[in-house]
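Undergrad: Model the structure of this input:
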Amino acid sequence: MNAPVTALSSAASDPAPRRRRGVLAGIAERLARTLPPGAGVRVTWRQPDLGEGDDMAGPAEAGAHCLRQAWNGPEGATLDIVASHALPWPDGIEAYWPASARQLLDQALRQELALARIDSLQRSEQLRQALYEIADLAGSNLDLPVMLRRVHSIVGELMYAENFYIVLYDDVRRTMRFLYFVDQLDPWVNDPDEEIPVTEQENTLTMRLLRSGETMRGPSADLRARFGIPRGEDNGPDSADWLGVPMSRDERVAGALVVQNYRQADVYSEEDRILLAYVAQHVLTALERREARKRLEARVAERTAELRRANEELQAEVFERKRMQDIQRALFRIAELSMTSDSLGGFYAEAHDIVSELLYARNFYIATLSDDGSMLEFPYSVDERDPERKARKLAGGLTEYVLQTGKALLADRERIAALEAEGKVRSYGAQAYCWLGVPLMREDRVVGVIAVQSYSPDVMFSVRDQDLLTFVAFHIGSSLARKQAQDRLVQAHANLEQRVSERTRELAEANAELVEQIGERMRVERKLIHQTMHDALTGLPNRLQLLERLARAIGHAQEHPETCFAVLFMDLDRFKLVNDSVGHAVGDELLVEAGRRIVGSVRGNDVVARLGGDEFAILAEGLDGPGMAEELGRRVLSALNAPVWVAGRELFPSASIGIALWHPRYRSGEEMLRDADAAMYRAKGDGRDRCAMFDEQMHREATRSLDMETDMRRAIQAERFVPYYQPIVRMDTGEPVGHEALLRWNHEQTGLLVPGEFLDVGEDTGLIEQIDWLLYARVIEDVARHPLPGYVAINVSPRHFRAPDFASRLLALLDGAGVAPARVRVEITEVALLDDAPRTLESLALLRRHGVLAQLDDFGTGFSALSYLHRFPIASLKIDRSFVAGLDGDACTESVAVIRAIVALATSLGIELIAEGVETRHQRDRLIELGCTYAQGFLFSPPVPLPGG
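TA: You can find the predicted model right below:
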């Protein structure tokens, strides 16, 4: 339906023929004319800008006599001339003709290159001019259809563009718009404003171009076949040559330009593709500029409207603010009246003047109720027609109507007449054209009315006047109340002076009694403060007072780096034994005596505190160095070591002392006490009755313990504790009869850790129980999921047997996983049996009844008492690895004797025997000779995780 654009030049109506290389096209003919008749000439060339070509004149190269010249011509050209003739060449031709032919061909080649450059420059200038024109169109005020027709005309001057369309694409909203569409054969008419929805299933050449963002060129049928696009009835006729380029911005396709030819193939070249791509980007820029200008104009119009509205609102606000300032000034003056007016009459007159500045108030009166509420009084009235208003009994006037309703009344003459007709009001005095009355309030109670009225139709009150008078009346009521209260206050002042003199005498008497009570209270307060800061038993400063003194000492040391002080933390050795053997009363006497001896051995400015139990601490300031602190500790120990008689008993107390010297890393006294406590435990571990200084090694150990505890808590949450399994085998056959589940920690930074590297921290913090239960659950899950031969032994620490529900909890885990109790054994040490024998026996017996057997680990290294082998349900003994290792060393004889005794003992009691730590064949052979059947060790297998675990 669209007619061709008339603005297109006639040269664009048909495919433009490619310019022939005019100079080289007839070069063979010109060379043939320089040869005898009947000669044939063939010229071939290859050059980077011109490509490959040839030209022929006369017969082909069939003659017997040929002249051939090949050389490298100007600007990288390769040239070749072949001249042929059926007859021999005349004399002289072979000598001069090749050189002249070469010169002629070089000259023709240079001319051809010059023409090509001129053609390229012309095309570039044409393209530049076209792009300038498109850019000018973007800034013009032309309508969009007119601008796009001009763009079409410009494209038509550059290439064949009889059939041309521009499409925009929105990949977010999945829509496209055909801004421009001109086609000779396709009757479809586009609507530039119509957004066409695009579905994922839609598959056309245009959609392929928009989605891929790649240029497409060639016959439309070939393109559809190449990209698997079906032929659609609504897609228009196929074209002999189709060229589409995307319009892209920031790697997003925003649209495309398409030209097509229905009559001739191979119309569009690579040069046309590049040219159209340039045009596409400039068209996109032009469209974006127009869209941006359109948005800017809309925004400017919108902003102008907003500013206009804002200006109007501002003008109204300025007017309202001025009005509010007037009102505010009036209110301030009304508020001042309650303080400055000499009388109520003066107050009312000045209030009238203030109201007159805000609205018409030539006729103004204030009416109030009498004290008994039966009379309507007029304390103030100014009126043109009623100069005097007398008090009257309450009736049905307009004033009484406002009093009864408690609401403002704005009434013109018609409204007053209507109220009179309804019997609601009755007029008194001169008839007003407009009457406005508002209630006068006091503490949410109507006590009067303020009224203004007009006797002329030229003055009428409005709703705004009503609101204003209501607002002013509220403040007049408040100020009136203050004025009346002030008057009453003056009256009361005289009475108050008399009462003050009487009260002063009473207060003097009470003051003497109060001074006595204050003295008693201060004595009680001092006693409470002393009790708060001192130990009740020894009278020494307590932990709270020590921490306060430590805080002051640390603050002073931070300001004076040369300061040296120390904290000595001491604990009486075996004090629990004293309490348990001779009673707490004797223990208290020993603590009091120890406190006296410590105080007697320190310097006068040192602070001795009891922290609780049998723990004491000393804050020693003004030290010369660590040697002075150690000397003080030894002096205290010497004082404590002297025998003491308590309750008829001679006791020899001793203590272990830990010393923490001041270091800038400390931020609180708690930190120094913590490190001194750690050093005290080092002293106990070294044999008690001694001092130990907290050093960097202990600091590193404490830091490591803290870090290890933190890592351990995270590892528990992440379940990074896993079991490794070491088989227990029959030594003669190597067949596994069970496994021991060994704990390992997959640490995030340091990798795999064995229990020896973290077990002490786990025991100290109590986290080992959580870790053990994680391990038990994992082992039972592995037993349920993997075909492990025999049983699996899990290690149980003594602390688990202190929990009364250990056995039932373990059995519940087995039952929940569906694992037979006989598949799991508990492995314990001799310490667990002796720690809480009754409870341990009860737990083992319960497990034995359900099929869970017990193994005794490290047998031979502890008490090795026969009594608990009889009392406890032990299924097997494990020979400690130290005896097994002795089979290879100098202590072979002793190890053999111990192992032989253990074998005899186990055999007589019917207990299974397992050797631990078997690492050599010699150890295995000796154990078999001694009668040991089962073993585990690196000889058979190291501990390994389950596959996939």
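
Undergrad: now what about stretch 42-60, what contacts it?
TA: Contact with stretch 42-60 is made by 21, 24-29, 31-32, 38-41, 61, 73, 75-82, 84, 105, 109, 112-113, 116, as judged by C-beta atoms under 8 Å, 6 or more residues apart in numbering. (C-beta placed from N, C-alpha, C; glycine too.)

Undergrad: Mark which of these are buried, thanks.
TA: Buried members of these, scored by 16 or more other C-beta atoms under 10 Å, are 21, 24, 27-28, 31-32, 39-41, 73, 77, 79-82, 84, 105, 109, 112-113, 116.

Undergrad: List the buried residues for stretch 546-566?
TA: Residues of stretch 546-566 classed as buried by neighbour count (16+ other C-beta under 10 Å): L546, L547, L550, A553, I554, A557, C564, F565, A566.

Undergrad: same thing with stretch 677-689?
TA: By neighbour count on 16+ other C-beta under 10 Å, the buried set for stretch 677-689 is D677, A678, A679, M680, R682, A683, K684, D689.

Undergrad: Pull up the per-residue confidence for the fifth one.
TA: As summarised for this prediction, R682 has a pLDDT of 85.

Undergrad: tell me the contacts of the closest residue to it other than its chain neighbours?
TA: Closest residue to R682 apart from its sequence neighbours, by C-beta to C-beta, 6 or more residues apart in numbering: A692 at 4.3 Å. By C-beta under 8 Å, 6+ apart, the residues touching A692 are S656, I657, G658, I659, A679, M680, R682, A683, D686.

Undergrad: Parallel or antiparallel, list what pairs with the helix or strand that contains A692.
TA: Assessed by DSSP states H and E, A692 sits inside strand 691-693. Its sheet considered, strand 691-693 pairs with strand 655-661 (parallel) by DSSP bridges.

Undergrad: Could you point out the helix or strand that follows the helix or strand bottoming out on mean pLDDT in the chain?
TA: Ranking every helix and strand in the chain by mean pLDDT, DSSP states H and E puts helix 866-871 at the bottom, with a mean of 66. Per DSSP H and E, helix 866-871 leads on to strand 876-879 as the next helix or strand towards the C-terminus.

Undergrad: Give me the contacts around that next one.
TA: Residues outside strand 876-879 that contact it (C-beta under 8 Å, 6+ apart) are 825, 827, 853, 855-860, 899, 902, 906, 911-916, 932, 934.

Undergrad: Just those: which are in helices?
TA: Residues of the contacts of strand 876-879 located in helices (DSSP state H): I899, I902, A906.

Undergrad: what about the closest residue to the last one other than its chain neighbours, neighbour count?
TA: Taking C-beta to C-beta, 6+ apart as the measure, A906 lies nearest to L913, with 4.4 Å between them; neighbours along the chain are not counted. Burial measure for L913: 22 neighbouring residues, criterion other C-beta atoms under 10 Å.

Undergrad: Mind checking which of the contacts of stretch 42-60 are in strands?
TA: Residues from those lying in strands, with DSSP state E as the criterion: G40, V41, T78, L79, D80, I81, V82, S84.

Undergrad: what secondary structure does the most centrally placed residue in the chain sit in?
TA: Nearest residue to the geometric centre of the chain (C-alpha atoms, centre = their mean): R714, 20.6 Å. What DSSP: H, G, I helix; E, B strand; the rest coil gives for R714 is helix.

Undergrad: now it: how far from D760?
TA: Distance, R714 to D760, using C-beta to C-beta, to the nearest Å: 18 Å.

Undergrad: thinking again about what came up before, could I get the contacts of A692 as JSON lines with distance to S100?
TA: Formatted as JSON lines, these follow (distance: C-beta to C-beta, whole Å):
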{"residue": "S656", "distance to S100": "121"}
{"residue": "I657", "distance to S100": "121"}
{"residue": "G658", "distance to S100": "116"}
{"residue": "I659", "distance to S100": "115"}
{"residue": "A679", "distance to S100": "113"}
{"residue": "M680", "distance to S100": "117"}
{"residue": "R682", "distance to S100": "113"}
{"residue": "A683", "distance to S100": "118"}
{"residue": "D686", "distance to S100": "117"}
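
Undergrad: where in the stretch 301-450 of the chain is pLDDT low?
TA: 335, 337-339, 341-342 (pLDDT under 70).

Undergrad: What are the boundaries of the strands in it?
TA: With strands called from DSSP state E, counting those that start in this stretch, the stretch 301-450 of the chain shows them at 364-369, 375-382, 392-393, 409-412, 434-442, 445-454.

Undergrad: Quick check: nearest residue in space to F694, chain neighbours excluded?
TA: Once flanking residues are discounted, F694 sits nearest to A679: 4.0 Å by C-beta to C-beta, 6+ apart.

Undergrad: The one you found and S656 touch, don't they?
TA: No: assessed by C-beta atoms under 8 Å, A679 is found out of contact with S656, at 9.3 Å.

Undergrad: just the helices in the stretch 401-550 of the chain please.
TA: 413-421, 463-533, 543-559 (DSSP state H, counting those that start in this stretch).

Undergrad: how big is the angle separating the second one from strand 434-442?
TA: Between helix 463-533 and strand 434-442, the angle comes out at 10 degrees (axes from the mean of the first three to the mean of the last three C-alpha atoms, to 10 degrees).

Undergrad: and the helix or strand where L814 lies, how far from the chain's centre?
TA: Assessed by DSSP H and E, L814 sits inside helix 806-817. With C-alpha atoms, centre = their mean, to the nearest Å as the basis, helix 806-817 stands 41 Å off its chain's centre.

Undergrad: go on, stretch 514-521?
TA: 60 Å.

Undergrad: partner residues bridging A793?
TA: Here A793 shows beta-bridge partners E740, R825, assigned using DSSP bridges.

Undergrad: Next: G255.
TA: Beta bridges link G255 to L168, M247, judged by DSSP bridges.

Undergrad: Of the strands of the stretch 301-450 of the chain, which is nearest F164?
TA: Among these, the nearest to F164 by C-beta to C-beta is strand 409-412 (74.9 Å).

Undergrad: Tell me which other helices or strands the closest one touches.
TA: Contact partners of strand 409-412 among helices and strands, from 3 or more C-beta pairs under 8 Å, 6 or more residues apart in numbering; DSSP states H and E: helix 398-405, strand 434-442, helix 463-533.

Undergrad: same thing but at 7 Å, please
TA: Counting contacts by 3 or more C-beta pairs under 7 Å, 6 or more residues apart in numbering; DSSP states H and E, strand 409-412 is packed against helix 398-405, strand 434-442.
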